[in-house]
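In: Sequence plus predicted model, see below.
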Amino acid sequence: MPDSIPFDIPAEWADMPEMARRQALRRALRKRRRTLSATRQREASLKLCRRLRQLPEVRRARRIALYLPNDGEIDITPLIAWCRRRGARVYLPVLQPLTHNRLWFVHYQVSTPMVRNRFGISEPDTRHGAHRARRLPAWALDLVLLPLVGFDDAGRRLGMGGGFYDRSFAFTRGSGPRPHLIGVAHEIQQVRALPTASWDVPLDAIVSDTGTIRPRKAGRSYKTGE
Ligand SMILES: Nc1nc2c(c(=O)[nH]1)N(C=O)[C@@H](CNc1ccc(C(=O)N[C@@H](CCC(=O)O)C(=O)O)cc1)CN2
Ligand SMILES: Nc1ncnc2c1ncn2[C@@H]1O[C@H](COP(=O)(O)OP(=O)(O)OP(=O)(O)O)[C@@H](O)[C@H]1O
């Protein structure tokens, strides 16, 4: 596996069918982030959270969806206490039990009962009637921080492959209220150039431990950071 940042897609993958190549890329990038030491993980988390706290979309948001880190994902949970101190509400994704690969967003408090979903990720337990009422429709969120498996400097993204975020936020292509969508990842998740899928939901920004990418609507993008 090449160690370069951005990750170079190996030449041998060129002949693979598109979906198989995306799968191989996911496997390589997930392995990359899982092999980070605890120290590197902690440093990256603190640097990312510092960046996020400075973004206007983050500072203005009152209803923010985060995630609990899994599989080496960059840890943004230090933001939870910060959000609460500022009076912002924190929401977590929950797999919808009946609809195919869509997410609910449930208000997350210290007292929220949690349960592991089928991927082993802890999520608010919506079997309790009282907590069902804490669900918010996706359009009513101000900000969503999406965990990325990969990204490139044009702002394209690769997720876990379930299409959960793509389906849940497909409505953002239309008019009407919509949350800001900010993808987050380790610097080492960057890929030289990712293929686009027609269903990919465009992001407002991608923030890593070392920089922020602001995709331009017309396709060009710019990076700020160290
Ligand atoms: N922390 C976190 N929470 C999240 C997401 C995420 O990416 N990160 N999701 C973002 O979508 C949703 C869960 N999506 C997931 C999609 C695939 C796999 C996964 O590990 N798939 C396995 C095989 C699946 C199986 O066991 O059937 C794999 O690819 O190896 C995990 C989560 C909701 N919660
Ligand atoms: N809006 C949508 N409606 C129906 N199917 C969709 C939609 N968006 C994505 N999909 C399907 O979801 C599957 C996974 O998509 P993709 O490989 O882009 O996942 P991903 O972007 O890695 O995942 P995620 O969105 O969970 O981060 C694809 O097979 C795709 O056809």
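Out: Everything's here; your move. Ligands and ions are numbered 1, 2, ... in the order given.
In: residue contacts, Leu203?
Out: Leu146, Gly155, Arg157, Leu181, Ile182, Gly183, Pro215 (CB atoms under 8 Å, 6 or more residues apart in numbering). Heads up, the C-betas are built off the backbone N, CA and C, glycines and all.
In: Pass me the low-pLDDT residue ranges in the protein, would you?
Out: By pLDDT under 70, the weakly predicted segments of the chain are 1-3, 130-131, 217-226.
In: doesn't Glu187 make contact with Gly211?
Out: Yes - with contacts counted by CB atoms under 8 Å, Gly211 reaches Glu187, the gap being 7.5 Å.
In: Surely Val58 is within a helix?
Out: Yes - counting by DSSP: H, G, I helix; E, B strand; the rest coil, Val58 is located in a helix.
In: Can you tell me the closest non-neighbouring residue to it?
Out: Leu52 (5.1 Å; CB to CB, 6 or more residues apart in numbering).
In: tell me the SS of the one you found?
Out: Classification of Leu52 using three-state DSSP returns helix.
In: Could you check how many residues crowd around it?
Out: Neighbour count of Leu52, defined by other CB atoms under 10 Å: 24.
In: Next, the contact list for it, please.
Out: For Leu52, the contacting residues are Val58, Ile76, Leu79, Leu145, Ile182, Val184, Val207, by CB under 8 Å, 6+ apart.
In: tell me the contacts of Leu103?
Out: Pro93, Val94, Leu95, Gln96, Ala138, Phe164, Tyr165, Ser168.
In: Among the residues you listed, which are located in helices?
Out: With helices taken from DSSP state H, the overlap with these comprises Phe164, Tyr165, Ser168.
In: measure the last one to ligand 2 for me?
Out: Going back to what we said before, that points to Ser168. The gap separating Ser168 from ligand 2 is 8 Å, by CB to the nearest ligand atom, to the nearest Å.
In: Could you find the closest non-adjacent residue to that residue?
Out: Leu103 (4.4 Å).
In: and Leu148, how many neighbours?
Out: Residues near Leu148, counting by other CB under 10 Å: 25.
In: State the distance from it to Ala38.
Out: 21 Å (CB to CB, to the nearest Å).
In: and if you look at Ile76?
Out: The gap separating Ile76 from Ala38 is 17 Å, by CB to CB.
In: quick one on the thing from earlier: adding neighbour count and distance to Pro202, write the ones in helices among the contacts of Leu103 out as JSON lines.
Out: Below are those laid out as JSON lines (neighbours: other CB atoms under 10 Å; distance: CB to CB, whole Å):
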{"residue": "Phe164", "neighbour count": "18", "distance to Pro202": "17"}
{"residue": "Tyr165", "neighbour count": "27", "distance to Pro202": "12"}
{"residue": "Ser168", "neighbour count": "23", "distance to Pro202": "14"}
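In: Among those, which one lies nearest to ligand 1?
Out: The closest of the ones in helices among the contacts of Leu103 to ligand 1 turns out to be Phe164 (CB to the nearest ligand atom; 3.5 Å).
In: Could you point out the longest strand of this structure?
Out: strand 89-95 (DSSP state E).
In: Give me the distance from that one to the chain's centre.
Out: Relative to its parent chain, strand 89-95 has a centroid offset of 12 Å by CA atoms, centre = their mean, to the nearest Å.
In: What of stretch 189-209?
Out: Mean C-alpha position of stretch 189-209 versus that of the full chain (CA atoms, centre = their mean) differs by 10 Å.
In: need the residues of this protein near ligand 2, please.
Out: Taking CB under 6 Å from any ligand atom as the measure of proximity, the chain contacts ligand 2 at 22, 158-167, 170, 197, 199-200.
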